[in-house]
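Novice: Have a look at this prediction, sequence included:
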Amino acid sequence: MKNSKILIAIVLLISASQLTFSQVKNDFKFGIKGGVNFSNINAENTSENKALTGVNFGVFAKLPITSSFAIQPEMYFTTKGSELTYESVFVDGTAQFDLNYIEVPVLAVFKISNKFNIQLGPYASYLVDANVKNVSDVSYNFENNIDSGDFTKFDTGIAAGLEFEGKSFSLGVRYNFGLITVGEEKTYFGTNYVFPDGKNSVLNVYLSYSLF
């Protein structure tokens, strides 16, 4: 009798495990995503910071661990930057900083209902291009004095967001906060300085489609 109970318990445990594995396996996703960015640089020593509108697009994979938790790595192209106004003795005027990155976040995804999940995790990105242009009449020529070599090539930060998840399509909003200063440290007449002295801040809205 005791052996029969043990056998029944083992069968039930295996059945439950197979059911859970089947449910988790069915939650695996791989697809494409894209959307709109609203970016800024949280820079010091500026009189005004104006956000820029840009884009993001790339691929993602959702790797389920349990029925309510998954790991989601992504890789995408994203535009960042800001329009910054300076008013000081050395730098005067407004410039637009356009920064383009390849970004790789690795997110923990927590399912909070049948349709909604929250995401949180680190990201790393590599600067592939940077452009600076004068916006207003300036005493300091941003375009001639700053080039792509004046920016930090690698950035890292924290991403957090909320997503409405459908069967194939998902719609989400995410905030990315950079932890590394955008400008490289330079020496000018024996004085060290960082320009622009600020960190990336990006709100993005995206739509994703699961290929399988």
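Specialist: Here it is on my side, so go on.
Novice: Excluding chain neighbours, give the residue nearest to F30 in space.
Specialist: Spatial nearest neighbour of F30, excluding adjacent residues (CB to CB, 6 or more residues apart in numbering): A61 at 4.8 Å. Just so you know, the C-beta spots here come from the backbone N, C-alpha and C atoms, and that holds for glycine as well.
Novice: Contact partners for the one you found?
Specialist: Going by CB atoms under 8 Å, 6 or more residues apart in numbering, A61 touches 28-30, 72-74.
Novice: give me that answer again for 7 Å
Specialist: A61 sits next to 29-30, 72-73 when contact means CB atoms under 7 Å, 6 or more residues apart in numbering.
Novice: Of those residues - the most surrounded one?
Specialist: Comparing those by number of neighbours (other CB atoms under 10 Å), K29 comes first, having 21 neighbours.
Novice: Quick check: beta-bridge partners of the residue most central in space within the chain?
Specialist: The centroid of the chain falls nearest to N176 when counting by CA atoms, centre = their mean (4.8 Å). Beta bridges link N176 to A159, V202, judged by DSSP bridges.
Novice: same deal with E163?
Specialist: N117, G172.
Novice: just use 36 as the starting number from now, easier for me
Specialist: Right, with 36 as the first residue, what we last looked at is E198.
Novice: That one: how many residues sit nearby?
Specialist: Going by other CB under 10 Å, the residues that sit close to E198 add up to 21.
Novice: Wait, P108 touches V141, no?
Specialist: Yes: using CB atoms under 7 Å, P108 is in contact with V141, at 5.0 Å.
Novice: Y241 and E198: what is the separation?
Specialist: Counting by CB to CB, to the nearest Å, the gap from Y241 to E198 is 9 Å.
Novice: Does the residue nearest to the centre of the chain touch A194 like I think?
Specialist: Yes: between N211 and A194 there is a contact at 4.8 Å, judged by CB under 7 Å.
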